[in-house]
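A structural model of the following input is requested.
(one chain, ligands or ions: 1)
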Amino acid sequence: MFTTPIDETYLLTSNDLLNPFDYTAIFGRTCPVEIEIGVGKGRFLLDEAVRRPDTGFLGIERVRKYLRMTHLRLNELGCENVRLICEDAGYVIRQLVVDNSIAAYHVYFPDPWPKRKHHKRRIIQPDFVRHLYRTLIPSGVLRICTDHEQYAHHIDLAVKSLPEWEEVRTWSEMARTEESSTATHFEVKYSREKRMVYWTECCCPNEKPIR
Ligand SMILES: C[S@@+](CC[C@H](N)C(=O)[O-])C[C@H]1O[C@@H](n2cnc3c(N)ncnc32)[C@H](O)[C@@H]1O
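Numbers count the residues shown, from 1 in each chain. Predicted structure coming up:
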């Protein structure tokens, strides 16, 4: 099937995805690094990157169509602190993200896979949570939200399967509108439908042992 190539200005190429990440080489400087998993059309990632230019943002999205949309807007903005990755986040986090290197993970509205026979496809699983924890810096934060109440319960069990977190906070609130600079595309969409959003925030201890 013919697929239009994505402009590669801000895209990590397949060569960049062969070895564990060297963030200084990726961003051309040393900076705190945050990762968004499943960036969709990139609303949150780009708003945050503009708001916090001193932080490097890696956006992972496996669907090329969405990644291309994000890249187009990124070209207009010319944000030097963003790099995009068109890959499965499971592979990227497990194989390429080094220990104690990420200041925050953002996982907003991951696909809920509501049918029981598809639950194993959900990205938030105990093993994946262990890799997120492994790669977070001391005091690093994992933020997840979903509008799907049963997936929220599944997320709660998955994150709490790891006893090492300093703190796990959960709360629910009405989806925020576009007036909130940090609302994702899905959150803005759900705010019109007045849906509840279930949030989970996990913090690593300050004294997280560095291996
Ligand atoms: C429901 S959308 C949410 C998009 C965005 N976070 C938002 O809130 O507007 C979920 C996104 O995650 C992406 N995704 C799902 N599983 C993924 C994976 N394993 N690796 C990378 N991206 C993934 C999907 O392609 C989709 O764009």
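
how close does the most centrally placed residue in the chain get to Leu72?
Centroid-nearest residue in the chain: Glu36, 2.2 Å away (criterion: C-alpha atoms, centre = their mean). For Glu36, the distance to Leu72 equals 17 Å [C-beta to C-beta, to the nearest Å]. Just so you know, the C-beta spots here come from the backbone N, C-alpha and C atoms, and that holds for glycine as well.

same thing with Gly90?
Relative to Leu72, Gly90 is positioned 26 Å away (C-beta to C-beta).

go on, Glu61?
In terms of C-beta to C-beta, Glu61 sits 13 Å off from Leu72.

What's the local residue count around Pro138?
14 (other C-beta atoms under 10 Å).

Same check on Glu87?
17.

list the contacts for it?
Contacts for Glu87 (C-beta atoms under 8 Å, 6 or more residues apart in numbering) come out as Leu17, Ile60, Arg62.

measure it to the ligand for me?
7 Å (C-beta to the nearest ligand atom, to the nearest Å).

Report the secondary structure state of that residue.
coil (DSSP: H, G, I helix; E, B strand; the rest coil).

Find me the pLDDT at it, would you?
We have a pLDDT of 96 for Glu87.

what number of residues lie near Asn75?
Number of residues near Asn75 (other C-beta under 10 Å) recorded here: 12.

same check, this time on the one 4 residues further on
Around Cys79 sit 18 other residues, with neighbours defined as other C-beta under 10 Å.

got it, and Phe27?
Counted with other C-beta under 10 Å, Phe27 comes out at 18.

could you measure it against Leu58, distance?
Taken as C-beta to C-beta, the span from Phe27 to Leu58 is 9 Å.

shared neighbours of those two, which are they?
The contact sets of Phe27 and Leu58 overlap at Val33, Arg83 (C-beta under 8 Å, 6+ apart).

Contacts for the strand ranked longest in the chain next, please.
The single longest strand within the chain, with elements called by DSSP state E, is strand 136-146. Strand 136-146 has contacts (C-beta under 8 Å, 6+ apart) with 100-110, 112, 124, 129, 132-133, 152, 155, 159, 187, 197-208, 210.
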